[in-house]
Structures are given as structure tokens and as C-alpha cells.
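Chemist: only geometry, no sequence info:
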Ligand SMILES: Nc1ncnc2c1ncn2[C@@H]1O[C@@H]2COP(=O)(O)O[C@H]2[C@H]1O
């Protein structure tokens, strides 16, 4: 019994249908969650759910006050069947067909008779109970109940009541006792029911109401769902449709759709060539019957499949690809295509039965030509050889016209009185030869090359042949036009190029350009044609939107751009920003791309070729630039001698470069300061390399006293600036000349690095400047490792100019007002010392 208390099966059954819906008791205050059971009702089924619960009140199921003994018998249908049983994890649900043993479902039953009936049943239960009690084991209460229900007892029962009996007999004693009391006791007895049981009564009532409501709700939903089947826009319908059905949708612009169109086009071509041919020459005969039938109906099958395909082909609605199968079906059925496709498949072949094998009944199959045109259109757009494709299509049309014309002639020959056709020795039995004779006649007529055969004799002959000749003329003109356009398309690019070359040549001869220069120009054009096949790449792409152009440009030049140092490890947008600003330029062997001292207005990236950076003597090669290198940045970043070129660059062979204008570069660098730092760092290195001979003169090597110092050299920056390279924290801004009043006779004091305030130029510094007239500024490049805070690399550069002493001094005065706070932050006496030492050495040198 201890086990029984922990697993008290509460059994409840309920019968609900529309007749009992109104029989509702007031709702019970008991919460639904307190119930360990539930009853799910169908019109014909009684469902009993048995749930293992702890501390649960025993359900007084059968004898609920308002009901249910009566409604039970009242609703039981006449047929019995094997009860259904279902189970969940926590409960056992038994569905039992409802059927009174002897009463009609509609027959009303008063409560007393139902009570009597139930009382008898319960008596019987109590008799059986004694026998079965011993067999009932507490630990297997639930399973025993199931067994009993599913085997003998329930099967034998013919009504819901008997099923209940069977279940009840398997109940533990206390449960059954309570049930019996509840069932059989009169109201007086019921009054003595424990408060627990009263609660259960009310719970039961509430439960019943709830379930009635649920039932009504379920019915409403059921009705709605049935109607929704017909409502195509209902989301439920759509969901069920899409979940249930095979949802393979073709993308109209995809490859699959394309290949399918090509198959349909083949089917169309078969019909296009064969229907007329068979009609004129080779109608179906018992010999050829099978082969033609197979071919014909294979094509028809493909046509049919095409309709299915169209039902599943997505379409664009407001730019969005629609893939909902129901929408697709509606869309297709509302287009003319659908009707055309249906027309194509008109089963006129049945007319064979009455008019014999006349393939002309299949003529509607030719309406499918729209699919063939779609195929041609798409192929022409997609192929890389459009001119070849156009030529093939044109030849096909030409042959098709000859073929159809031959067929018509033969039909006329066999069916009309045209006398000239008699001149052909068509022998109707010699089919193969007949066709080729007719084809020959057709070709010669349509190409206006016939002489003797077509001489008209009768009025009909004249009319027919005049029409033929007019058609031939038109055809000839059309074909000629097509051929001309194809040929002209073939050489469009070349003609364009040639026209430009001709214009340049005319100009050079008019302006008396020397021959050798003219030769160089022509050779330049040759190389341009060989390497690019066009004069201006950008013009070709000008139709495309900006983003697409950028993507193409990146893709085309990716190999080169990947090698460019400044493009490596930069933000993604930087390349995009820059790539469309690059203009391809081509230089011939020996061309100077820039010369030292010129104003720099653009920088270059080497795409192909080899270039030399020349020293001042234009002989010594300072550096060799190859694909992926860039140059010309120093002057446009104003890092060398202002905006002047610091070196000359010469093309060794033909060089394919990208040119980037100063404005474009600055525009982009504004948004990408990190790239600017990178560019400037590399520029500083180049500048240092540039002035190496001078360093050697000065003989400044890595200082022992200042291990952070890399090198010092004399050079000629237009204005001084302090710059950090290396680990690259915030970049020290260059000081412009305009930042400092021209009259300021100050320079960064030797001790200014250690001081936190700007100080006037020391006397020694001024004297240095006075004594060193070529020094116009001091460029300090420092690489400061902020992570360590101490380790510092400072590259101190002295710059020299060829300017006059006076100018230089005043410039020094203006430009050497270094960004004081930045320098102060380094707080390193080492730098100060080093600079001082450098200055002294420079003075000595001077
Ligand atoms: N030593 C060098 N190595 C590589 N490139 C250099 C060197 N010196 C100068 N250049 C490049 O040659 C360019 C000449 O014009 P810019 O001064 O504008 O910029 C210069 C640098 O980009």
C-alpha cells in the first residue's frame, strides 16, 4: 500500500459531443494543474488517461453530480470495436469506442435508470474485485491496467462502461472503494464524502467545462482549416503545402534552366524541320511508323515536362525572386506562355484516325519557337564568341528557309498545275532524290542563280516565280546585312585602335615630328595593341556601376596590387577606394617617367616592366623597380625637397604602370591615415638610402652613447619635421612653414627634448645654421617603442639644399619649430645629445 500511495491512478473518462456541450456545471475553483489526468474526446471515442500521480485525489469519475452516468450510456454508439490505446510518458490514454449495449445513441435516459445500470456494473466489479485483488500487484498497477484494458476485458466489453469496469477492477482497493461510493451513493451519502472528494467533484466539473470549450475551439479550427484549403493566401495552407511537397524551384537565370531550354529548343527544331518535310515527302508509312512515333512523342513528352518545369520556375516580383510554389503556379497560369504551351500540345494527332497520317496536324508544335528564341538570346549574351554564334544562327536560318522552300515547291509540284515544276523529274517514289532536287531548286531560286529551270510558261508560273524572286532579294539583302555586321563586329576593336593610331600619325607628320620619335610612338602603339588590345580600358568599363568596375579592376590587377607593399595588410576599403583612381600608362624603353627636381604631381605603381631610380649623374642606379613597386610618393607627400622629385626614374624596357594623381592619393589618405604612416615610413627609408654617400662622409654610425640611434645623414628637406617610424604609434605631424612666423629665429633647442616647454634656439644652434648655410632643416625621425617606453630608435637626418644661404637660414628659422610637445614626450636626453653632436660635426665639416 505504500507503493499505492505513491502511484495512485486516477481515472477519468468523459464523453463530449454537441449534445453534452450545453450540460455545463459551474466552473470549479480547482486549478487544472492539480489534475493528473485529462480526457480527450472524440465524437465516437471515449478516452481515458491514466496518470501516475503522487498525493492526488481519487477521481470520482463516474458519478459526477451533473452527469455522467447518464450521458455515458446516452452517447455510446451502436458498434463496438477494439479500443485504442495510447500512452505518453506519464500517462496512459485509452480510447474506447462509445456504445451502449442496448440503447440507441439518441435515446434519452433518465438518471435513475442510468444509476441502476451503473450500480449493477459496480456490483459486478466488486465481485470480480475480490478474485483479482490478490493478483494485483501494487508496483505494477499501471501496467496491469493497461494489460487488462488491452487484452481480455476491454476487448470483450461492448461499451464504454464495460471498459470502465475493466479498468476499475484493476484499481487499488482504496481507489475503487471511493469510486464505488461515489457512484452508488445517494445524495445523502454523497454529502458524507470527504472534502477531498467534493473538491474532486468540482474539479471534474471545471475540467469538463474546459474540455467542452476546447472541443468547441478544436471544431472551429477544424472547420477553418477545411476552408483554408481553398484559400490560397492563407499562411497555414502555404506552410502545409510547402512542408509536404517537393519544393524544387528552378532559377530562371540559372544554368539548369538554361540547359533545359536548350533541350526544349532541340525538340522544337525537330518539329521545325521534320513536320514540313514529312508532310511533303515522307509521310508515315508502316515501315517508318515506329521510329517517327517514338521521336514525335518523345518531343511531346519534353513539351509536357516543360509545362511542369514552368510551374516550378521562379520569377521576379519587384526585383525579388519568388519561389513560393503556389505563387509560381498562379503566375505561370496567368501568362500567355501557359496558353501557348497548352496550344503546342493540342492532341490533334487523334485526327490521324480520320484523315490518315498527315503530319500537318502537328503544326501547332511550332508555336514553341518562343523557347528557341529565348535560348538563342541567352546564348548570344553569355557566349564568349558572339560573332561565331551569330554566324551559325544565320546559316541555320538560311538552310531552314531553303528547306521549307524546297518542301513548298514539292507540295506545289505534286498538288498544283504549275507547269515549270514539271520540268523537274520528280519521281514520287524516289523520295531521297526528290528532296535533294527540290532543295537544289530552292537554293538556286532563292540565291538568284537559276537560269533555265525557272522560265515561266503560265500565268501561275509568273506569279509564283515573281513572289519567289522578291523573297529571294529580301533574303539576300538581309543575309548580306547580317554578314556585314558580323564581320564589322569582329574587327571593331582593331578598327577603333587603328583609327586612333592613324590620327596620331597624321598629327606627327603635320607637325614634322622627327622620324625616330615617330618610330618610338608607333612602336609604343604596337606594344599597346599586343598587351591591351585597346587604347583605353576605362572607357570599356565606363558603362558599369562604380562598385562593379572596382571589383573588376581589383580582379584584373590583383596580382600586381597584392605585391604592392602599401596595399598589404591595409583596410579592405582602401584598395577599393584606390583601384579605380589608378590610370594605366605605358612607357617605352628609355623613357624618363620623372626627373629629379620636377614638381611631383602623381605617383606610380609598376604593373609590368623594369625601371631604374637614377642618381644625380643619371648613370648610377640607386634602385631597380619591378612589378609591385611604386615610386613618386616622396614629392607628392612633400617629404623630400618639398614637392620636388628627389630622383629620376627611367623605364628600362616597356613599362606598364598605374598612375595615381596627387589629389586622388591625398583624398584617400585622409580616410586611411595608417597607410599614410606606412607610406611615409618607407619614404623616409628611401630618402636615407638616397643620402648614404653623405652619411658616409659625415661618418656617423650607430652611436655607442646613443644605442637607439640608427643613422644620421645630411639631406635637404624643404622644411624640418620630426617623424617617428618603426613601431608606429601616433604619427608626429610635420610642421608646415606656415605654422611658424617667418621672423621667428628659433630652432629646436638642444635640450628641448627633455624640457616640457618650448625654448628659444640656442646660440650654438643658430651659429650652426649660420655656419652651415646649406642646412635648411633638421629632420628627426625617431622610432620610439612605446611598449617598452625606454628603447628608442631615432634616426636623425640633416638635410642640405642648394638654396642660397640667406634663404636657407630663414627657412630654418621657420621650419625648425618642431612639434615641441611631441618631442618633449620622448623625454630622452639621448636624442638631444645626438643632435647636438651631429650639429657640431656638421659645423666642423663645413
Ligand atoms: N632609393 C630609392 N629606392 C627606391 N625608390 C626611390 C629611391 N629614391 C627615390 N625613389 C623613388 O623615386 C621617386 C622620385 O620621385 P619622388 O621624389 O616623388 O619619389 C621618389 C621615390 O619614390
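Modeler: Done, it's in. Predicted model, so just to flag it, every value in this text is computed and none were measured. Residues are numbered from 1 along each chain as shown.
Chemist: for the rest of this, base every contact and every neighbour count on C-alpha atoms.
Modeler: Noted.
Chemist: pretty sure residue 409 sits against residue 436.
Modeler: No. Judged on C-alpha atoms under 8 Å, residue 409 makes no contact with residue 436 at a distance of 11.7 Å.
Chemist: and these two? Which one has more around it.
Modeler: residue 409 (21 against 13; other C-alpha atoms under 10 Å).
Chemist: for the ligand, see how far away the more buried one is.
Modeler: 79 Å (C-alpha to the nearest ligand atom, to the nearest Å).
Chemist: for that residue, which non-adjacent residue is spatially closest?
Modeler: residue 438 (6.7 Å; C-alpha to C-alpha, 6 or more residues apart in numbering).
Chemist: list the contacts for that neighbour?
Modeler: Remark: with contacts taken as C-alpha atoms under 8 Å, 6 or more residues apart in numbering, residue 438 is in contact with 406, 407, 409, 410.
Chemist: isn't the second one right up against residue 274?
Modeler: No. The pair residue 407 and residue 274 does not pass the contact test of C-alpha under 8 Å, sitting 10.5 Å apart.
Chemist: between these two, which is the more surrounded one?
Modeler: Using other C-alpha under 10 Å, the more surrounded residue of residue 407 and residue 274 is residue 407, with 23 against 16.
Chemist: secondary structure element for that one, which one?
Modeler: Taking DSSP states H and E as the criterion, residue 407 maps to helix 386-415.
Chemist: check residue 493 too.
Modeler: helix 492-510.
Chemist: and the next element down the chain from that helix?
Modeler: helix 515-532.
Chemist: between helix 492-510 and that following helix, find me the angle.
Modeler: Taking axes from the mean of the first three to the mean of the last three C-alpha atoms, to 10 degrees, one finds helix 515-532 and helix 492-510 inclined to each other by 170 degrees.
Chemist: tell me which residues in helix 515-532 are buried?
Modeler: Residues 518, 521, 522, 524, 525, 527, 528, 529 are the ones in helix 515-532 that count as buried (16 or more other C-alpha atoms under 10 Å).
Chemist: closest to residue 262 out of the contacts of residue 438?
Modeler: Closest approach between the contacts of residue 438 and residue 262, by C-alpha to C-alpha: residue 407, at 26.3 Å.
Chemist: spatially nearest residue to the closest one (excluding sequence neighbours)?
Modeler: Take residue 407 and drop its neighbours on the chain: the residue closest to it by C-alpha to C-alpha, 6+ apart is residue 280, 5.7 Å away.
Chemist: need the helices for the stretch 301-450 of the chain, in chain order.
Modeler: 325-333, 336-344, 352-355, 369-382, 386-415, 431-446 (DSSP state H, counting those that start in this stretch).
Chemist: near the ligand, which residues of the protein show up?
Modeler: 600, 613, 622-623, 631-636, 645-648, 686, 689-690 (C-alpha under 6 Å from any ligand atom).
Chemist: can you say which of those are buried?
Modeler: 600, 613, 622, 631-636, 645-648, 686, 690.
Chemist: now, the most widely separated pair of the buried residues of helix 515-532?
Modeler: 518 and 529 (16.6 Å).
Chemist: who's in contact with stretch 472-488?
Modeler: So stretch 472-488 is in contact with 387, 390, 391, 394, 445, 446, 447, 448, going by C-alpha under 8 Å, 6+ apart.
Chemist: and of those residues, the nearest to residue 657?
Modeler: residue 387 (32.8 Å).
Chemist: residues touching residue 552, list them.
Modeler: Counting by C-alpha under 8 Å, 6+ apart, residue 552 has no contacts.
Chemist: nearest to the ligand, of the buried residues of helix 515-532?
Modeler: Nearest to the ligand among those: residue 524, at 23.4 Å, using C-alpha to the nearest ligand atom.
Chemist: surely that closest one and residue 585 touch.
Modeler: No. The pair residue 524 and residue 585 fails to qualify as a contact (C-alpha under 8 Å) at a distance of 11.0 Å.
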